[in-house]
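[1] From the sequence below, what's the structure:
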Amino acid sequence: MKKLRIAGWVGLVLVTTVAGMAVQAQDGFSLNAAFGVRAIRLFAEKSITALIESMHVMTATANLKSGDWEQMKDLVAQFEQSELSYNAWFLKPDGSYYKVGTGLATSSLSDRDYFTRVMAGETTLGDLVVSRSTGRKSMVLTAPIYNGSSVIGALGVTLYLDDFSALLVDRFRLPGELGFYAYRSTDPVISIHENPELLLESVSSAGIELAAGGIDISSFLGWTFLLGTIK
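    Numbers count the residues shown, from 1 in each chain. All right, here's what the predicted structure looks like:
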């Protein structure tokens, strides 16, 4: 029996050999699918949790509380320097928004589902969109910015799903016959996949046959993770 090396979020390499395996390949390799998919789910949650915590630190700074893009843009630019691939922006209560490098955008975000919620003081995550500024398939996270008791705007993050998928694939290097993906649990579309062309597409196009035990649900992200054999 071969050993599968899975890189965890703490930067260690876990080597596991488990009896009663759920996935059996022709060369005798076997993998505990339940263990594997849980490790992938936990890493994804850890990454997004850390990002949200960083957003909350940002929204507590005087720069962002000022509500003045000129005062905050350098700090927002520093915030974008991360292992995760994302674009950060400042959202105003009228739906207009500012981005590093381009400044005031020509479009409005007031019609996005998260807009009303964040302006009511809610931190949001999980909205899957095609970015209006880049055309990339993304997940949007927003955190309200308070000045006193009033919400004067929000810090937004557009997390690129293709790069986030690539990060997960790189961390969990499965044998060639195995793969994983995630989909939004409600109104299902693919949110994580090695093939970027399949992101935000129907789950039926994932091309991975579920292994026994190879499913794990993240109530935090609202995603279902699956691991199995590539068809």
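
[2] how about the helices of this protein, start to end?
    Using DSSP state H, the helices assigned to the chain run over residues 33-59, 62-65, 69-79, 113-119, 161-171.

[3] Enumerate every residue touching residue 85.
    Each residue near residue 85 by Cβ atoms under 8 Å, 6 or more residues apart in numbering is listed here: 159, 160, 163, 164, 167. From N, CA and C alone the C-beta is placed, and that goes for glycine too.

[4] cutoff 6 Å now
    Residue 85 makes contact with 160, 163 under the criterion Cβ atoms under 6 Å, 6 or more residues apart in numbering.

[5] How much space separates it from residue 167?
    8 Å (Cβ to Cβ, to the nearest Å).

[6] Tabulate the helices of the chain (CSV), appending mean pLDDT.
    CSV is the format used below for those (pLDDT from 0 to 100):
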stretch, mean pLDDT
helix 33-59, 97
helix 62-65, 98
helix 69-79, 98
helix 113-119, 97
helix 161-171, 97
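
[7] could I get these as JSON lines with distance to residue 225?
    Formatted as JSON lines, those follow (distance: least, Cβ to Cβ, whole Å):
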{"stretch": "helix 33-59", "distance to residue 225": "5"}
{"stretch": "helix 62-65", "distance to residue 225": "33"}
{"stretch": "helix 69-79", "distance to residue 225": "28"}
{"stretch": "helix 113-119", "distance to residue 225": "23"}
{"stretch": "helix 161-171", "distance to residue 225": "10"}
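
[8] Which of these sits closest to residue 216?
    Minimum separation from residue 216 across these (Cβ to Cβ) falls at helix 33-59, 4.5 Å.

[9] Show me what that closest one is packed up against.
    Packing partners of helix 33-59 (3 or more Cβ pairs under 6 Å, 6 or more residues apart in numbering; DSSP states H and E): strand 137-147, strand 150-160, strand 208-218, strand 223-230.

[10] Any idea how far it is from the middle of the chain?
    8 Å (Cα atoms, centre = their mean, to the nearest Å).

[11] And for stretch 219-228?
    Centroid separation for stretch 219-228 versus its chain: 11 Å, with Cα atoms, centre = their mean.

[12] what's the span of that stretch from first residue to last?
    With Cα to Cα, to the nearest Å as the measure, stretch 219-228 spans 21 Å from end to end.

[13] Can you point out the buried residues in it?
    Within stretch 219-228, the residues that qualify as buried by neighbour count (16 or more other Cβ atoms under 10 Å) are 221, 222, 223, 224, 225, 226, 227, 228.
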